[in-house]
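Enquirer: Below are the sequence and a predicted model; questions follow.
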Amino acid sequence: MDSPPTLDHYKAAMLLSAAGDALGYRNQLWEYNESGPAIHQELQELGGLRGIVVQLPDWPISDDTVLHLATAEGLVTGKEGEELLQEVAFRYVEGMKDMEGRKPGPSSILGVSQLRPGTPGGYRIPYNPEGTGCGAAMRSMCIGLRFPRPEQLPSLISVSIETGRMTHPHPTGFLGAMAAALFTSYAAQRRPMESWGAGLLAEAMPAAKAFVQSAGYAVEESLRDWGYFSEKWSWYLSERGLSSGVGPVCWPTPYGPAERDLAYRSFSLSGWAGRSGHDAPMIALDALLGSGPDWEELMSRAAFHGGDSDSTAVVAGCCWGLLHGLEGVPPGNYCHLEYRDRIEQAATLLYALSH
């Protein structure tokens, strides 16, 4: 596991992110099902995860992967700075035209409608005190694939925050984008997973605050609303015994689908687990910590719960694929994915750029 990720790992990261999205979404049926046990029952009736062939029309990708692809395809142009941000903003506007049956969130819809790519500063929108959702987190893992090395942390932070606040200008929203990108970079670095949350708080958060202050956009509002994200993450790490960044993980017993529904809800901002920028990556990390190299266990925890299940699985699937490749994943879960060619092409170009 110490060897750096290969091109195959990059492809697995992008493919299994999309697979997790499609599985957790189940064409709207599971994203809006509030009972993990009920979803697990339906999963058994489908023949379990190995019985599912993820393909149209029953298993489309959601808005999560459409916008993750938009981020990735912006990054692989090789543009930097303001040019990159204009490019990504343009691709978000284009991506929003591909939302039939995909259920984008309200902040994503509003934010993209306010973007003006091509005009100076047109990638920035007004501060939105409601912009706390997970829509920025769910599309940002590829930023960690583009900037995987420790010395690239400043680029990862600036790009994830600036692209995140194109739709989610509230810290709880855009710091979720940074967390999803950061955890993907940690997976590429083969950092012990028990240290990821502590790294987020100790390494990334101070640098993120400094970046927001230096960028000079909505500084006062951002700092006013800054505290919740860190406080909730500190609480979670304390719950799992990971405040110092070393294991072992403290798990509740039992911790099946019903118990996870309650736990994930306790992570949440307003009772909808995984719906916000802080807790979509949090549930993804919780699932990764609890499943090791077992894809079916990962999906059980990250995709099949009574919350925003596609947005937690899209993050978890990317990190897991980068760590483990496609080994042990039923081919039906990813071989016939919608947009598979685009997904693999983006992965190939991200891998080349990251080197």
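Expert: That came through, no problem. Numbering: from 1, shown residues only.
Enquirer: in this protein, which segments are predicted with low confidence?
Expert: Within the chain, the stretches with pLDDT under 70 are 1.
Enquirer: repeat that with 90
Expert: 1-2, 31-32, 270 (pLDDT under 90).
Enquirer: does Asn128 sit in a helix or strand, and which one?
Expert: For Asn128, there is no host helix or strand (DSSP states H and E).
Enquirer: I should have written Trp251 there, sorry.
Expert: Assigned by DSSP H and E, Trp251 belongs to no helix or strand.
Enquirer: Ser222 now?
Expert: Here Ser222 is assigned to helix 219-224, by DSSP H and E.
Enquirer: Give me the buried positions along the very next helix or strand once past that helix.
Expert: Past helix 219-224, further along toward the C-terminus, the next helix or strand under DSSP H and E is helix 227-239. By 16 or more other CB atoms under 10 Å, the buried positions in helix 227-239 come out as 228-230, 232-233, 236-237, 239. For every residue, glycine as well, the C-beta is placed using N, CA and C.
Enquirer: is it true that Thr163 lies in a strand?
Expert: No: going by DSSP: H, G, I helix; E, B strand; the rest coil, the assignment for Thr163 is helix, not a strand.
Enquirer: sorry, back to before: show which residues not belonging to the helix holding Ser222 make contact with it.
Expert: If you take CB atoms under 8 Å, 6 or more residues apart in numbering as the criterion, helix 219-224 is touched by 127, 129, 169-171, 209, 212-213.
Enquirer: Kindly report the same for stretch 45-52.
Expert: Outside stretch 45-52, the residues touching it (CB under 8 Å, 6+ apart) are 23, 43, 59, 295-296, 299, 330, 332-333.
Enquirer: Okay, and which of those residues map to helices?
Expert: 23, 43, 295-296, 299 (DSSP state H).
Enquirer: where exactly do the helices run in the stretch 151-300 of the chain?
Expert: 153-164, 171-189, 196-199, 205-215, 219-224, 227-239, 257-267, 279-291, 295-302 (DSSP state H, counting those that start in this stretch).
Enquirer: Highest neighbour count among the contacts of helix 219-224?
Expert: Neighbour counts for the contacts of helix 219-224 (other CB atoms under 10 Å) peak at Pro171, which has 31 neighbours.
Enquirer: That one against Trp226, yeah?
Expert: Yes: taking contacts as CB atoms under 8 Å, Pro171 lies within contact range of Trp226: 5.0 Å.
Enquirer: Can you give me the neighbour number for Cys319?
Expert: 30.
Enquirer: about what we covered before: of the helices of the stretch 151-300 of the chain, give the one that comes closest to Val53.
Expert: Closest approach to Val53 among those is made by helix 295-302 (14.5 Å; CB to CB).
Enquirer: ok and the next helix or strand after the closest one relative to helix 279-291, angle-wise?
Expert: Where DSSP H and E defines the elements, the next helix or strand beyond helix 295-302 is helix 309-324. Between helix 309-324 and helix 279-291, the angle comes out at 50 degrees (axes from the mean of the first three to the mean of the last three CA atoms, to 10 degrees).
Enquirer: what angle do helix 309-324 and helix 257-267 make?
Expert: 100 degrees.
Enquirer: immediately after helix 309-324, which helix or strand?
Expert: helix 340-354.
Enquirer: Gly325 reaches His9, doesn't it?
Expert: Yes: between Gly325 and His9 there is a contact under CB under 8 Å: 5.5 Å.
Enquirer: And for Arg342, the neighbour number?
Expert: Arg342: 16 surrounding residues under other CB under 10 Å.
Enquirer: and what of Phe304?
Expert: 24.
Enquirer: In contact with it, which residues are there?
Expert: 23-24, 30, 36, 39-40, 43, 257.
Enquirer: Which residues are in contact with Tyr264?
Expert: Tyr264 is in contact with 273-274, 279, 283, 286, 305-307, counting by CB under 8 Å, 6+ apart.
Enquirer: among those, which two are most distant?
Expert: Pairwise across the contacts of Tyr264, and taking CB to CB, the largest span is found between Asp286 and Gly306, at 14.5 Å.
Enquirer: Done for today, thanks.
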